[in-house]
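# Sequence plus predicted model, see below.
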Amino acid sequence: MGMKERIFGMTLKSIVRKKMRSGLTVLGIAIGIMLVTALLMVSTGLEAQFKRVVEEGGGDFVVMDKTAPDLMLSRVDSTAQQAIERMGGISWVSGMIFTTAQIGDRPYVMMFGVETTERNLQQFKIIQGRTLNQDDRGKIIMGRTIAVQEGYQVGSTLEIKGSSFSVVGIYETGASFEDGGVIMSLSEVQTLFDMRNLVSLLQVKAEDTTNTEAIRAEVESTFPKFIALKSTDVASKQEDLQLITSISALISLIAIVVGSIIVMNTMIMSVMERTREIGILRAVGWKSRKVLSMVLKESLAMSIIGGVIGIVIAAGLVNALAKAAQLPVDLPVTADLVVSAFIIAVILGFLGGFYPALRASRMSPMEALSHE
Amino acid sequence: MFLTTENLTKDFGDVQAVLDVNLEIDRGEFVSIMGPSGSGKTTLLTLLGALDTPSSGEVFIEGEPLSGIKDVDLFRSKKVGFVFQFHNLISYLNALENVEIPMHGPMSGTERRARAIELLELVGLGERVYHNPSQLSGGERQRVAVARALVNDPALVLADEPTGELDSKTSIEIIQLMKKINKEKGTTFIVVTHDPEVAKKAEKIIFLKNGTIARQEAVKSESVEDVLALRNSAFGQQLIEKKATDPYMENLGVFKGGTLTKEGEAVLSVLEKAEAIERD
Ligand SMILES: Nc1ncnc2c1ncn2[C@@H]1O[C@H](COP(=O)(O)OP(=O)(O)OP(=O)(O)O)[C@@H](O)[C@H]1O
Ligand SMILES: [Mg+2]
């Protein structure tokens, strides 16, 4: 323990000694890790949102258009719905539409078209007024966030695509994109958006959940145009999301490479300046691997400090920006995300520090001592 | 013999830095090495301390050949302490931490600290424990280096021009400190120096020239030197010749009426003894 304490103190003192250089190195790492963290937040946040979209209808899996790059662009027709309903082992099938519309001066408000049955609406907890009924016409229920922000209440009337609707209830689910949207009966959305006999996706519920996988496979083989996804898989089939994920992976990779180069540059300079010091350490009996670990500890310490700063800044900044832009998305800083960003920082410190450390440890004590 | 070398040779390409050196140094000896620049002093020291390996020949410490040692790093940290001319210390660590650096093995932080403080007190720096090298004088820095060299209780301390950067008064202080440790702990010291005043504090001086031992010389005790100087003075010559040519000799009480007094004869016998010692 004594040894660790001492070497740790040595690491910090060595870093603090060159304040400017170490500071810039830490800053460079912090910026890289901040970028990586922010992108991770966006991609994990959106992924969670897609999962939620699929789960909110209450089915075991969803059927959607295989070629659609995005949920909102997916189209499934009612003949497919009827065919699936006739397949064995199915409890129910219901259609859902995801789209956006202008409400007041908000150009893109999420609109959910759902069949007004209890099983499809139970996820939307009513906090004021009532939920939608089978025979409601010209009625909607509205998410809490948009209601508060735009000043709507139960009884308010508003215009969507030229038709008038009245708010009969306010719901809250806790997911930003739901609480920032409105729900209308499926048939009214179909009329309003000219989507007769079309839905975005079908929710399918099996009679016996142990058969889900078999039914899912059957649907896919019967309808080669469609894809049947469980909620856990839906994110990986979204081209938009995949694009964001691969861009963030690429940027993370660039951040690691650039960060490692910054760390390597700093540590090579540091090792060269300290050649004599390394000679002394070897002369007093330090083993080469102790010199190696000394240099490596310094680069790891810098990358960890930079990483922590980057994670903290990203966590604060991304949500502040999302809030300021009134984006209806939740970008939580999950433990997984923090661990990933931290691991990236450690990898970066290790990659950047390894070569300089190896060089320092391979110096012969004689060579190092005659350096001046 | 504590340390011997057998035809120790080191060449760097064409340059023969050390050539066929045969040394014999006893445990607890205090030896200085002198010689012109480039005569191989530093190279010899690095071979003795296992910082470098010879081209041929062998160094034996306590009868064991250095070439047979597997872990030279461990050997160095246990058996040898080094003091260099300058930049001995790690600039960003304080005196205490610098002294702690060579410590190894199962010691707690508190034990290390206590040991380092003990050594800093031994070299007279008990009040400067938390000073950084930049806050210490040149002499104080060398004291820290001496403390660090001693921290693992080595049998051998190798110092390469430890007083090279110091004024003559501080140089003598540092060498006296080393002598004190040599006497108290029985540590063997080998000190390379250009300064004859410093070299004379050793028991033996080895002169190197072109990588070989030109000559070795036992250092006479300072008291004997002083008596010999007295013998060579006009005062000593008059006693030896038993003939006072200086009237003040009568005032000093060594002559009375032109012949030696009892006191005069006593002084003369001391001078003769010193002469006999010198003839050995
Ligand atoms: N690494 C080396 N490569 C090549 N030649 C070397 C090397 N080290 C020492 N020499 C040569 O070996 C000879 C002895 O050098 P050394 O440093 O031992 O001398 P020195 O007696 O310590 O001199 P000084 O009093 O100037 O310190 C010199 O000619 C020197 O140029
Ligand atoms: Mg030298």
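That came through, no problem. Numbers count the residues shown, from 1 in each chain, chains lettered A, B, ... in the order given. Ligands and ions are numbered 1, 2, ... in the order given.
# How far off centre is stretch B:237-246?
Centroid separation between stretch B:237-246 and its chain, computed with C-alpha atoms, centre = their mean, to the nearest Å, is 39 Å.
# which residues of the stretch 101-250 of chain A fall in helices?
With DSSP state H, counting those that start in this stretch as the definition, the stretch 101-250 of chain A shows helices at residue ranges A:118-121, A:144-150, A:176-179, A:186-192, A:212-222, A:231-234, A:239-273.
# What is the burial count for the residue in the stretch 51-200 of chain B positioned nearest to chain A?
With distances taken as C-beta to the nearest C-beta, the stretch 51-200 of chain B approaches chain A most closely at B:S77, which sits 2.3 Å away. All C-beta spots, glycine's among them, are computed from the backbone N, C-alpha and C. B:S77 is flanked by 23 other residues according to other C-beta atoms under 10 Å in any protein chain shown.
# cool, A:P365 as well?
Residue crowding around A:P365 was assessed by other C-beta under 10 Å; the count is 27.
# If I look at the nearest residue to it once chain neighbours are set aside, what pLDDT would I see?
Counting by C-beta to C-beta, 6 or more residues apart in numbering or on different chains, A:R282 is the residue found nearest to A:P365 once chain neighbours are left out, at 3.5 Å. With respect to pLDDT, A:R282 has a value of 92.
# For A:R282, give me its contacts.
When the contact criterion is C-beta atoms under 8 Å, 6 or more residues apart in numbering or on different chains, the partners of A:R282 are A:288, A:291, A:363, A:365, A:368-369, B:51, B:73.
# Identify whichever of the helices of the stretch 101-250 of chain A lies nearest to A:S22.
Closest approach to A:S22 among the helices of the stretch 101-250 of chain A is made by helix A:239-273 (7.3 Å; C-beta to C-beta).
# Does ligand 1 have contacts with whatever helix or strand comes next after the closest one?
Reading on from helix A:239-273 to the C-terminus, the next helix or strand found by DSSP states H and E is helix A:275-283. No: in terms of C-beta under 6 Å from any ligand atom, no part of helix A:275-283 sits within range of ligand 1; the closest distance is 12.5 Å.
# ok and the residue in chain A nearest ligand 1?
Checking chain A residue by residue against ligand 1 with C-beta to the nearest ligand atom singles out A:S370 as nearest, at 6.1 Å.
# Not counting sequence-adjacent ones, nearest residue to that residue?
A:G279 (7.7 Å).
# I'd like to know how many residues surround that neighbour.
Counted with other C-beta under 10 Å, residues neighbouring A:G279 total 24.
# Hmm, A:P365 and it touching each other?
Yes: using C-beta atoms under 8 Å, A:G279 is in contact with A:P365, at 5.5 Å.
# And the helix or strand encompassing the residue of the stretch 51-200 of chain B closest to chain A, what's buried?
For B:S77, the host element (DSSP H and E) is helix B:72-79. Of the residues in helix B:72-79, those buried by neighbour count under the rule 16 or more other C-beta atoms under 10 Å in any protein chain shown are B:72-73, B:75-79.
# can you tell me which of those residues lies nearest to A:A322?
B:D73 (55.6 Å).
# Follow the chain on from the helix holding B:S77 and name the next helix or strand.
Proceeding N to C from helix B:72-79, the next assigned helix or strand is strand B:80-83, under DSSP H and E.
# Can you name the element that comes right after that next one?
Downstream of strand B:80-83, the next assigned helix or strand under DSSP H and E is helix B:95-100.
# And that next one, what does it pack against?
Judged by 3 or more C-beta pairs under 8 Å, 6 or more residues apart in numbering or on different chains; DSSP states H and E, the packing partners of helix B:95-100 are helix A:2-17, helix B:109-122, helix B:138-150.
# Can you pull out the residues in contact with it?
Helix B:95-100 is touched from outside by A:6, A:9-10, B:89-90, B:112-113, B:115-117, B:119-120, B:125, B:128-133, B:136, B:144, B:147-148, B:151, with contacts defined as C-beta under 8 Å, 6+ apart.
# From those residues, list the buried ones, please.
A:6, A:10, B:89-90, B:112-113, B:115-117, B:119-120, B:125, B:128-129, B:131-133, B:136, B:144, B:147-148, B:151.
# out of the residues you listed, who's near ligand 1?
The subset of the buried ones among the contacts of helix B:95-100 lying close to ligand 1, counting by C-beta under 6 Å from any ligand atom, is empty.
# wait, A:V109 sits on A:D179?
No: between A:V109 and A:D179 there is no contact under C-beta under 8 Å: 11.5 Å.
# Quickly list what's touching both of the two.
With C-beta under 8 Å, 6+ apart, A:V109 and A:D179 have common neighbours A:I146.
# Tabulate the CA atom coordinates of the helix or strand of chain B with the lowest mean pLDDT in PDB.
The weakest-scoring helix or strand in chain B, judged by mean pLDDT, DSSP states H and E, is helix B:222-232 (a mean of 82). Output for helix B:222-232, consisting of C-alpha atoms alone and laid out as PDB, is shown next (Å, rounded to 0.1, in the frame of the first residue of the first chain):
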ATOM      1  CA  GLU B 222      47.800  14.400   8.100                       C
ATOM      2  CA  SER B 223      49.600  14.400  11.500                       C
ATOM      3  CA  VAL B 224      52.500  12.500  10.100                       C
ATOM      4  CA  GLU B 225      52.600  14.900   7.100                       C
ATOM      5  CA  ASP B 226      52.700  17.800   9.500                       C
ATOM      6  CA  VAL B 227      55.500  16.400  11.500                       C
ATOM      7  CA  LEU B 228      57.500  15.600   8.300                       C
ATOM      8  CA  ALA B 229      56.900  19.200   7.300                       C
ATOM      9  CA  LEU B 230      58.300  20.300  10.700                       C
ATOM     10  CA  ARG B 231      61.300  18.100  10.200                       C
ATOM     11  CA  ASN B 232      62.000  19.800   6.800                       C
END
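# other SSEs contacting the next helix or strand after that helix?
Toward the C-terminal end, the helix or strand that comes next after helix B:222-232 (DSSP H and E) is helix B:234-240. Taking 3+ C-beta pairs under 8 Å, 6+ apart as the contact definition, the neighbouring helices and strands of helix B:234-240 are helix B:222-232, helix B:262-279.
# And the next helix or strand past helix B:234-240?
helix B:248-252.
# Can you list the buried residues in that following helix?
B:M249.
# what mean pLDDT would you report for it?
88.
# can you list contacts of it?
Against helix B:248-252 from outside (C-beta under 8 Å, 6+ apart): B:235, B:238, B:244, B:255-256.
# now for the strand or helix carrying A:G23, which elements pack on it?
Secondary structure assigned from DSSP H and E places A:G23 in helix A:19-55. Secondary structure elements in contact with helix A:19-55, counted by 3+ C-beta pairs under 8 Å, 6+ apart, are helix A:176-179, helix A:231-234, helix A:239-273, helix A:288-324, helix A:335-362.
# For residue 149, grab the count of nearby residues.
Assuming you mean chain A. The burial count for A:Q149: 13, using other C-beta under 10 Å.
# think we crossed wires, I meant chain B
29.
# Also the one 10 residues further on?
Neighbour count for B:A159, taken as other C-beta under 10 Å: 26.
# Establish whether stretch A:293-300 and chain B are in contact.
No: interface with chain B: stretch A:293-300 contributes nothing (C-beta under 8 Å from any C-beta of the partner chain), its closest point being 10.8 Å away.
# Can you name the residues in contact with that stretch?
Applying C-beta under 8 Å, 6+ apart, the set of residues contacting stretch A:293-300 from outside is A:7-8, A:10-11, A:14-15, A:263, A:266-267, A:270-271, A:281, A:346, A:349-350, A:352-354, A:356-357, A:360-361.
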